[in-house]
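**Q** okay, sequence plus prediction incoming.
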Amino acid sequence: MDFLMTDPTYKLLIFLFMIPGMYGDIINYNAATIAVEGQNISLQCIVGEEQNITIIQLEWIKQQKPNEKNDQKIVVFHPMLPTYYFRSGSLLETVTSSKTGKLQGSILTLHEVTVNDSGNYICEITSYPNGSIKRITKLQVTEPPASVRMPYPYGFIKEGDDMKITCSAIPPPLHYKLGRSKDQTFWLESSNGEFILPNVTRNDSDVYICLPEWDSLVRNQQGLNATVELTVNFLDGIECNTSSPLNVSAGEDVAISCIAKASQHLQYKWMRGDKILSLSDTLSLTSVTSDQSGTYKLTAVFLDNQLQTDMEIFIQVLSKQSEGMTTPFPVRTTKHLSSFTSNGTSSWSTDTTVSTSQSGHLLASTVKPNATLTTLQPRYTSHPTPLTGSSSAPPVGNASTLHASTVKSIDTSTDSLSTTPDPATRRRERITTDITQKNITTVTATKASKSSAYIAVPIVLLLLVLIVLLYRRHQNQKKMDLPPPFKPPPPPVKYTSVRNHDVPMTDILV
């Protein structure tokens, strides 16, 4: 035993067993590393700067598995030669000292590892004067939990586009299914998880569901899905509370409100030429003048300017001289203005407010909605008269100065006017006054009334032609139904037998 303790060979063996422990403290490495499939893993093997070691060569090796014959070399590095890779999918990065510039070690990076990459990785450093130093890192790669991804389609989706939906899953399934939340009958299948929806509309906006289907043996993965809510953007045309052209009287206030149906919040802008008038959906003009006649443009856009629509409206401001009016009160009409009827009494019936006035000492009146206005009769007493659908010229009556009193009523009541002849004018009751000499405010029909008349005329003509044709057909049918005219038979012919008349020769000679 004493011999063994003093034998130089034994001392050398003890020293060799101590070397791994000594260099284990001076080399930085990871004894074990865990990764998930698809990750990039870095394995380091670096000698400390305090060690006075000169590295001659670096090498990474994957230790053989029980079913493999030899170790698998990955990469070899020599300072004087280019790096040599034995297999792809890895990258070697050398580490040098910032103080001395000497080589200290390396970092091996494995890209997108799989379960087959699990094993022991050996880092071997050949140095001077210490020779070869090895360290082993155990790498364990596990399968990730089953997952499904469904990213939002790239770009802005609007009506008419082709929408692409991508679905992915780990581990890769046999095939993918795509469904919709609102439409239970909608199902598409794909082997690679890509789905194309052509020419989409606003009705295609929905929550889409991706359902991967794995092998039936993988029970813990069945039922996994991913959802994404997709919106198909749209922008309809602009609709306003009036049509173009719009005729208004000078001095009136104009308010035009418009709206456009869209999938997002819209920004509105009213412009005339290059001038911005409003940044809302309403254009308001106060006390318009003839200078404000022209074309006004409304633009509606998305916040990101992806969709845009325009609308133009022409406003014509009419002066009072062109309208033939002398009254300071504006005359307003709508599409529902009724016609004028006079039968000894003049009446107006309208669905909207109509303001009329006369110059001089004529009657000034205001008609409310659903009210009837009756002018004076020769007896100076007015009564409501129903519309008859016809119009006649107003009768010429006795002229007098009128002091009108107006009684206003609500809803369907009648506005009655009672007048009393002025004593100064009573003496001139028999003087005929020409009504046309007075400036009477007229109410003009709107464009809608004219268009209604244009439509009614051909309809009436067609009805008249149809009535004439039906009448002629009735007359012909009536003639056909009568019995044929009676013609008496000719009188009977009376027949007699032929008689033989013998004439004597003597008669002939005579």
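**A** Happy to help now that I have it. Residues are numbered from 1 along each chain as shown.
**Q** the nearest residue to Thr282 once chain neighbours are set aside sits in which helix or strand?
**A** Excluding the flanking residues, the one nearest Thr282 by C-beta to C-beta, 6 or more residues apart in numbering is Ser257, at 4.8 Å. All C-beta atoms are positioned from the backbone trio N, CA, C, and that covers glycine. If you go by DSSP states H and E, Ser257 is part of strand 254-262.
**Q** ok, then the element right after that strand?
**A** Following strand 254-262 toward the C-terminus (DSSP H and E): strand 266-272.
**Q** for that next one, name the packing helices and strands.
**A** Applying 3 or more C-beta pairs under 8 Å, 6 or more residues apart in numbering; DSSP states H and E, one finds that strand 266-272 contacts strand 275-278, strand 294-302.
**Q** strand partners of the longest one, parallel vs antiparallel please.
**A** When pairing is defined by DSSP bridges, strand 294-302 lines up against strand 266-272 (antiparallel), strand 308-318 (antiparallel).
**Q** if you compare those strands, which one is most tucked away?
**A** strand 266-272 (a mean of 17; mean count of other C-beta atoms under 10 Å).
**Q** average pLDDT for the lengthiest helix in the chain?
**A** When the chain is parsed with DSSP state H, its longest helix is helix 447-481. For helix 447-481, mean pLDDT rounds to 83.
**Q** and if you look at stretch 65-85?
**A** The predicted model assigns stretch 65-85 a mean pLDDT of 86.
**Q** could the C-alpha coordinates of that stretch be exported in PDB?
**A** The C-alpha coordinates for stretch 65-85 follow below in PDB (Å, rounded to 0.1, in the frame of the first residue of the first chain):
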ATOM      1  CA  LYS A  65     -27.800   7.700 -29.400                       C
ATOM      2  CA  PRO A  66     -28.300   4.000 -28.600                       C
ATOM      3  CA  ASN A  67     -29.500   3.300 -32.100                       C
ATOM      4  CA  GLU A  68     -26.600   5.200 -33.700                       C
ATOM      5  CA  LYS A  69     -23.100   4.000 -34.500                       C
ATOM      6  CA  ASN A  70     -21.000   7.100 -34.300                       C
ATOM      7  CA  ASP A  71     -21.100  10.600 -32.900                       C
ATOM      8  CA  GLN A  72     -22.300  13.300 -35.300                       C
ATOM      9  CA  LYS A  73     -19.900  16.100 -35.900                       C
ATOM     10  CA  ILE A  74     -21.600  19.500 -36.300                       C
ATOM     11  CA  VAL A  75     -18.900  22.100 -36.800                       C
ATOM     12  CA  VAL A  76     -15.100  22.500 -36.500                       C
ATOM     13  CA  PHE A  77     -13.200  25.900 -36.100                       C
ATOM     14  CA  HIS A  78      -9.500  26.600 -36.500                       C
ATOM     15  CA  PRO A  79      -8.200  30.200 -36.200                       C
ATOM     16  CA  MET A  80      -6.100  29.800 -39.400                       C
ATOM     17  CA  LEU A  81      -8.700  28.000 -41.500                       C
ATOM     18  CA  PRO A  82     -12.400  28.700 -42.500                       C
ATOM     19  CA  THR A  83     -15.200  27.300 -40.300                       C
ATOM     20  CA  TYR A  84     -16.300  23.800 -41.500                       C
ATOM     21  CA  TYR A  85     -20.000  22.700 -41.100                       C
END
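**Q** quick one: contacts of it?
**A** Residues outside stretch 65-85 that contact it (C-beta atoms under 8 Å, 6 or more residues apart in numbering) are 55-64, 86-87, 90, 92, 94, 103, 106, 108, 119, 121-122.
**Q** try 7 Å this time
**A** The contact list for stretch 65-85, computed with C-beta atoms under 7 Å, 6 or more residues apart in numbering, reads 57-64, 86-87, 90, 92, 94, 103, 106, 108, 119.
**Q** take the residues you listed and keep only those in strands.
**A** 57-62, 90, 92, 94, 103, 106, 108, 119 (DSSP state E).
**Q** are any of those residues buried, and which?
**A** Neighbour-count burial (16 or more other C-beta atoms under 10 Å) applied to the ones in strands among the contacts of stretch 65-85 gives Gln57, Leu58, Glu59, Trp60, Ile61, Lys62, Ser90, Leu92, Leu103, Ser106, Leu108, Gly119.
**Q** per-residue confidence at Phe486?
**A** pLDDT, the model's per-residue confidence, is 66 for Phe486.
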